[in-house]
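> quick one: sequence and predicted model below, then my questions.
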Amino acid sequence: MIPLPLQPDQVLKDALDFNRKITHGLLTLREVGNVEVGVTPKEAVYREDKLVLYRYKPTVDKPAKTPLLIVYALVNRPYMTDLQEDRSIVRNLLDHGEDVYLIDWGYPDGADRFLELDDYINRYIHHCVQYICKAHGLRRINLLGICQGGTFSLCYTALHTERVENLVTMVTPVDFHTSKNVLSDWARELDVDLLVDTVGNVPGELLNWSFLSLKPFRLTGQKYADMADILDDPDKLRNFLRMEKWIFDSPDQAGEAFRQFIKYFYQQNRLVTGGLEIGGREVSLKQVTIPVLNIYATEDHLVPPESSIALERHVGTRDYTAIPFPGGHIGIYVSARSQKEVPPAIAQWLQERSS
């Protein structure tokens, strides 16, 4: 046993300081009140079932002629891309001249129990693309797919290449059977038929706690202990609470679509091994022949870099660019470094390929 160098006076002082921070923090929490997210002005331009398509107000006089549609994952809310004024991928894309649209999937309920991947990809995404094309008098638009939304965007592009001019993917899983992929290891052992047949729509809270369990000490304990150090700073506390709001704002998942996604992608890895069909049509990454920009996070614990990097080996385009971001799955949206690097890189890449 190695004795710990603890001094009674120091321990008492640390305990009193911690208690003081907590007491003062309760007063700060009252000052903070409700936190706002999704701060950039936008307009709902199309609705279908629970889905809402938003167009953000341009911030430059002459935005890009080809709009950019953001397709987010189903499991969390898309306002992570527009969390606050100084942490907004959306705002930075607008400031760099992009004309930005975003799909908000909404909150599925019992009426959505039997929605399939075909509905999300060939109906919802396709209808949004058609709306934007018609509104701008275009045949094709640009897509930015994030996480699971990137996987959906790859599938959509493979099936509707004529509708997509350029494709950007961020922290997007492609090869679901790479090593050191804890989430994939768990999903491959899941009896998804029993789960969906029993509960119908899969509770978002269940999935959220599964994600938190990937780093249980850091994500369910340590961060709340660290919060004591910012309780006397209203701005830092608001930032913390915005992130907490997003983390625990997890929609339920439509049962059949969840079943298919787990089976086809996590368990059978069909996106890279073949045999993937959506809406009765084969999906092959070789069908993605347009320019592709793939941005991945080097410290991502949800989508390991190897899972995203695999895209280059399977995609059909000759115009492929990969950008590693030195951070994690969340940091790529909200860190100060990401705000300076990621949106400008996307905008420049798109502008270089503008028709």
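All right, it came through fine.
> quick check: phi and psi at the closest residue to residue 138 other than its chain neighbours.
Nearest in space to residue 138, with sequence neighbours left out and distances taken as C-beta to C-beta, 6 or more residues apart in numbering, is residue 66 at 6.6 Å. Where you see a C-beta, it was placed from the backbone N, CA and C, and this is true even at glycine. Main-chain dihedrals, residue 66, degrees, to the nearest 10: phi -100, psi 110.
> how far out from the middle of the chain is the helix or strand containing residue 128?
For residue 128, the host element (DSSP states H and E) is helix 126-136. When C-alpha coordinates are averaged (C-alpha atoms, centre = their mean, to the nearest Å), helix 126-136 and its chain have centres 22 Å apart.
> got a list of contacts for that helix?
The list of residues contacting helix 126-136 from outside it, by C-beta atoms under 8 Å, 6 or more residues apart in numbering, reads 45-46, 48, 51, 53, 65-67, 69, 101, 103, 138-141, 156, 160, 163-164.
> switch the cut-off to 7 Å
Taking C-beta atoms under 7 Å, 6 or more residues apart in numbering as the criterion, the residues outside helix 126-136 that touch it are 46, 48, 53, 67, 69, 101, 103, 139, 141, 160, 163.
> can you count the residues close to the third one?
Around residue 53 there are 21 other residues, counting by other C-beta atoms under 10 Å.
> the strands in the stretch 251-355 of the chain, which residues?
Per DSSP state E, counting those that start in this stretch, the stretch 251-355 of the chain has strands spanning 277-278, 281-282, 292-297, 320-325. These are given in chain order.
> picking up where we left off before, beyond the helix holding residue 128, next helix or strand please.
Using DSSP H and E, the helix or strand that follows helix 126-136 towards the C-terminus is strand 141-146.
> residues in contact with residue 239?
Neighbouring residues of residue 239 by C-beta under 7 Å, 6+ apart: residue 84.
> helix, strand, or coil at it?
helix (DSSP: H, G, I helix; E, B strand; the rest coil).
> same question for residue 60.
Here residue 60 is coil, with the state taken from three-state DSSP.
> and it, what does it touch?
By C-beta under 7 Å, 6+ apart, the contact list for residue 60 reads residue 97.
> could you pull out the helices for the stretch 101-250 of the chain?
When assigned using DSSP state H, counting those that start in this stretch, the helices of the stretch 101-250 of the chain occupy the ranges 117-118, 126-136, 148-159, 182-188, 192-199, 204-212, 216-217, 223-226, 234-247.
> gap between residue 90 and residue 127?
21 Å (C-beta to C-beta, to the nearest Å).
> of these two, which one has the most company?
Ranked by neighbour count (other C-beta under 10 Å), residue 90 and residue 127 place residue 90 first, with 25 against 14.
> for the nearest residue to the more buried one once chain neighbours are set aside, give the beta-bridge partners.
If you skip the residues right next to it in sequence, residue 90 has residue 82 as its closest partner in space, 4.2 Å away by C-beta to C-beta, 6+ apart. With DSSP bridges as the criterion, the beta-bridge partners of residue 82 are residue 88.
> CA-only coordinates of stretch 311-327 in PDB, if you can.
Taking C-alpha atoms only, stretch 311-327 is exported to PDB below (Å, rounded to 0.1, in the frame of the first residue of the first chain):
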ATOM      1  CA  LEU A 311     -15.100   5.100 -47.500                       C
ATOM      2  CA  GLU A 312     -12.200   5.800 -49.900                       C
ATOM      3  CA  ARG A 313     -11.800   2.100 -50.600                       C
ATOM      4  CA  HIS A 314     -15.400   1.500 -51.600                       C
ATOM      5  CA  VAL A 315     -16.700   4.700 -53.100                       C
ATOM      6  CA  GLY A 316     -16.800   5.000 -56.900                       C
ATOM      7  CA  THR A 317     -15.700   8.600 -57.400                       C
ATOM      8  CA  ARG A 318     -12.200   9.700 -58.500                       C
ATOM      9  CA  ASP A 319     -12.600  13.000 -56.700                       C
ATOM     10  CA  TYR A 320     -12.300  12.000 -53.100                       C
ATOM     11  CA  THR A 321     -10.900  14.200 -50.300                       C
ATOM     12  CA  ALA A 322     -10.500  13.200 -46.600                       C
ATOM     13  CA  ILE A 323      -9.900  15.700 -43.800                       C
ATOM     14  CA  PRO A 324      -9.000  14.400 -40.300                       C
ATOM     15  CA  PHE A 325     -10.100  16.600 -37.400                       C
ATOM     16  CA  PRO A 326      -8.100  16.300 -34.200                       C
ATOM     17  CA  GLY A 327     -11.000  15.800 -31.800                       C
END
